[in-house]
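K.L.:
pasting a predicted model and its sequence here:
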Amino acid sequence: MSDDKSARDATPAGQPSAVTPRAGLRGGVVTGIVFAAIGAALTWAVLQACFPVFGLPEEFQRPLGTPPPEVKARLNVATARMNRNNAIFALGLFGATVAGLMGVGEGIARRSLVAALLVGGLCAVVGAAVGSLAGLAGHLLWESNMSGSESLPLEAAVLIHAVTLLLMGGGVGLAIGGVAGRSLRTSAACLLAGMLAGATAGVLYPFLGAVLAAYFGFQANTDLVVPPGEVSRLFWIALPAVLLGLLIPGLKLGRTPRSTQAAEPRGASPV
């Protein structure tokens, strides 16, 4: 008779087996931050290389002077479509790289190359899907607040970034908790942690981005869903990524085996 079967036979009725694999995350805060930072660096590098991905149609790329109303209306529609698609691409990329790399870190913490590749790939898919929805939501909020305005008030910029990054962060948390955590409690905890990290970054970014831009003299436009300028964009990416790497493993919940509780007398107080 094998050791595993002996352990199962020795477990009292109604109690989980002592050899049941522990659900939850294996990687710690350091692993989370390191791999989230790698994902952030990859996101920034790709955006620097090819963003914006989508441009205006060729008919609008030459100087128009003062276009007639019907041409201006078509230009506005094309510009809105371009901004929407670029926001969806950028947030989808952000969600995919951070979730995917954090999933790889979780697989490495399990000391399994197969787990690293499988978990990382599945997390990237979920992160990309929810990140794309976050980009769409951010663009729709931006469009509704920018209607007829030259710039956004600060509270509108905070709202747009908070909602966008809350959704993207929730997608990263859901990916890590659902794919790697393998339990409802872990999924819920990671989802909440990701939403908290994203919302916190979204609230802080317009304030801190403006302060840092004024102090160091770099370009920053917190009115846009995806900021322009390499330094401002790096800060916009790094802030939520570090918070995601910190909070998702830091707030992890797992299923603790209770087989040791069976030996305690009924009513005994835990130490």
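P.N.:
All right, it came through fine. Here the structure is a predicted model, which means the values were calculated and not measured.

K.L.:
measure the residue nearest in space to the middle of the chain to Ala115 for me?
P.N.:
Centroid check for the chain by CA atoms, centre = their mean gives Gly169 as the closest residue, at 3.3 Å. To Ala115, Gly169 is 23 Å away according to CB to CB, to the nearest Å. Any C-beta I mention is one placed from the backbone N, CA and C, and that applies to glycine too.

K.L.:
do the same with Phe89
P.N.:
Using CB to CB, we find Phe89 at a distance of 29 Å from Ala115.

K.L.:
of these two, which one has the most company?
P.N.:
Phe89 (21 against 18; other CB atoms under 10 Å).

K.L.:
where does pLDDT dip in the stretch 51-200 of the chain?
P.N.:
63-65, 148-149 (pLDDT under 70).

K.L.:
that one: helices as residue ranges?
P.N.:
Along the stretch 51-200 of the chain, counting by DSSP state H, counting those that start in this stretch, helices occupy 69-109, 113-146, 154-175, 184-216.

K.L.:
possible to save those helices as JSON lines with distance to Ser232?
P.N.:
Below are these laid out as JSON lines (distance: least, CB to CB, whole Å):
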{"stretch": "helix 69-109", "distance to Ser232": "13"}
{"stretch": "helix 113-146", "distance to Ser232": "16"}
{"stretch": "helix 154-175", "distance to Ser232": "12"}
{"stretch": "helix 184-216", "distance to Ser232": "6"}
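
K.L.:
now, of the ones you listed, which is deepest in the fold?
P.N.:
Across the helices of the stretch 51-200 of the chain, averaging neighbours per residue (mean count of other CB atoms under 10 Å) puts helix 154-175 on top, at a mean of 25.

K.L.:
ok, residues contacting stretch 100-107?
P.N.:
For stretch 100-107, contacts defined as CB atoms under 8 Å, 6 or more residues apart in numbering pick out 25-27, 31-32, 34-36, 38-39, 42, 113-124, 127, 172, 175-176, 179-180, 244-245, 248.

K.L.:
and that stretch, how far out from the chain middle?
P.N.:
With CA atoms, centre = their mean, to the nearest Å as the basis, stretch 100-107 stands 13 Å off its chain's centre.

K.L.:
quick one: residues contacting the residue nearest to Gly127 when sequence neighbours are not counted.
P.N.:
Nearest residue to Gly127, sequence neighbours excluded (CB to CB, 6 or more residues apart in numbering): Ala99, at 2.8 Å. Each residue near Ala99 by CB under 8 Å, 6+ apart is listed here: Gly39, Cys123, Ala124, Val126, Gly127, Ala128, Gly171, Val172, Ala175, Ile176.
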